[in-house]
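[1] everything below, folded, please.
(one chain, ligands or ions: 2)
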Amino acid sequence: MSVSGYTQPLTYSPTARLFHWLTAILVLIMIPVGIVMANLEGGPTKDFLYNLHRSVGALLLPIVLVRLAYRLTHPAPPLPADLPSVLRWAAHANHWALYALLIIQPLIGWIATSAYRAPVLFFWLFELPPIWPVNRAFSEQAFTVHRVIGVAIALLVCAHIGAALYHHFIRRDGTLMRMVRGTPVPATAPGVS
Ligand code: HEM
Ligand code: HEM
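    Numbers count the residues shown, from 1 in each chain. Ligands and ions are numbered 1, 2, ... in the order given. The predicted model follows:
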């Protein structure tokens with residue numbers, strides 16, 4: 001029984017899986033689009049990618065906030081009981097760092113863009129309001145932080161995908177399938193707490 005009063009489940013619910021894969025697809029779009037757009041010569045393609053990046057980033061913020069609220073009220077299934085404590089720690093650190101950075105990163109992007117006074121045209125439909133006073137010098141500094149956090153998220157995602165493949169192909173402990181299909185790992189299975 002967890003502190004929130006929910007019994008710890010044996011797999012991820014359809015809602016948890018929907019949130020996970022939606023976030024994964026959007027983040028996997030954001031990183032390459034961010035890198036490509038920042039290195040392109042000015043022109044319509046660059047403008048298009050900037051609008052796309054800001055729109056998808058702004059969409060990610062409420063999705064990750066709602067996902068985090070869901071996660072805090074719905075515990076995740078336990079990690080395999082025989083997982084070494086260093087990997088157990090690494091898994092939790094990776095997941096919580098991703099939650100935190102995926103909230104901080106769009107906020108910094110929006111703040112830096114506002115300080116620069118560039119528009120955040122949400123999917124070409126309407127403009128989001130600026131959330132920071134105009135300040136070009138501050139905007140440059142905030143974009144430097146945004147680039148560093150972009151690299152940190154990319155590294156965390158690489159480690160995360162590597163870990164998912166390690167669980168699936170080397171440990172063969174059912175961890176990936178409970179996030180893909182929601183396949184429960186029976187409580188009686190060896191190595192499951
Ligand atoms: C690219 C962006 C991705 C992000 C931001 C992301 C984020 C997360 C987070 C925060 C969790 C923890 C869920 C929780 O218990 O609260 C998680 C779990 C998980 N993710 Fe991802 N993920 C991404 C991509 C992927 C990919 C591509 C795979 C598969 C190759 C994957 C496989 C998994 C699995 C199997 C779990 C469950 C781990 C467990 O049961 O302990 N993820 N992911
Ligand atoms: C989770 C969400 C986000 C992620 C993962 C992300 C990631 C990135 C990455 C990897 C870069 C490339 C940095 C480089 O190589 O120079 C970048 C650049 C940029 N991002 Fe984001 N970003 C996110 C959200 C946002 C949001 C919400 C906005 C604005 C509303 C934004 C505005 C920008 C801008 C304007 C740049 C270009 C900075 C420059 O020209 O140096 N980003 N982002």
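[2] and the helices in the chain?
    Along the chain, the stretches classed as helices by DSSP state H are 14-39, 44-73, 85-116, 136-165, 175-180.
[3] and the angle from the second one to helix 85-116?
    Between the axis of helix 44-73 and that of helix 85-116 there is an angle of 130 degrees, by axes from the mean of the first three to the mean of the last three C-alpha atoms, to 10 degrees.
[4] would you tell me which residues of the protein are close to ligand 1?
    Taking C-beta under 6 Å from any ligand atom as the contact definition, the chain meets ligand 1 at 20, 23-24, 27-28, 71, 76-77, 79, 91, 95, 98-99, 157, 160-161, 164, 175-176, 178-179. Quick note: C-beta positions are derived from backbone N, CA and C, even for glycine.
[5] check those residues for burial and list the buried ones.
    23, 27, 71, 76-77, 79, 91, 98-99, 157, 160, 175-176, 178-179 (16 or more other C-beta atoms under 10 Å).
[6] which one of these is nearest to residue 112?
    Closest approach between these and residue 112, by C-beta to C-beta: residue 27, at 18.6 Å.
[7] could you check how far the closest residue to that closest one other than its chain neighbours is from residue 146?
    In space, and not counting its chain neighbours, residue 27 is closest to residue 157: 6.5 Å by C-beta to C-beta, 6 or more residues apart in numbering. Using C-beta to C-beta, to the nearest Å, we find residue 157 at a distance of 16 Å from residue 146.
[8] with residue 58 instead?
    Taken as C-beta to C-beta, the span from residue 58 to residue 146 is 14 Å.
[9] these two: who's more crowded?
    A count of neighbours by other C-beta atoms under 10 Å puts residue 146 above the other of residue 58 and residue 146, at 23 against 18.
[10] name all residues that make contact with the more buried one.
    Counting by C-beta atoms under 8 Å, 6 or more residues apart in numbering, residue 146 makes contact with 105, 108, 109, 112.
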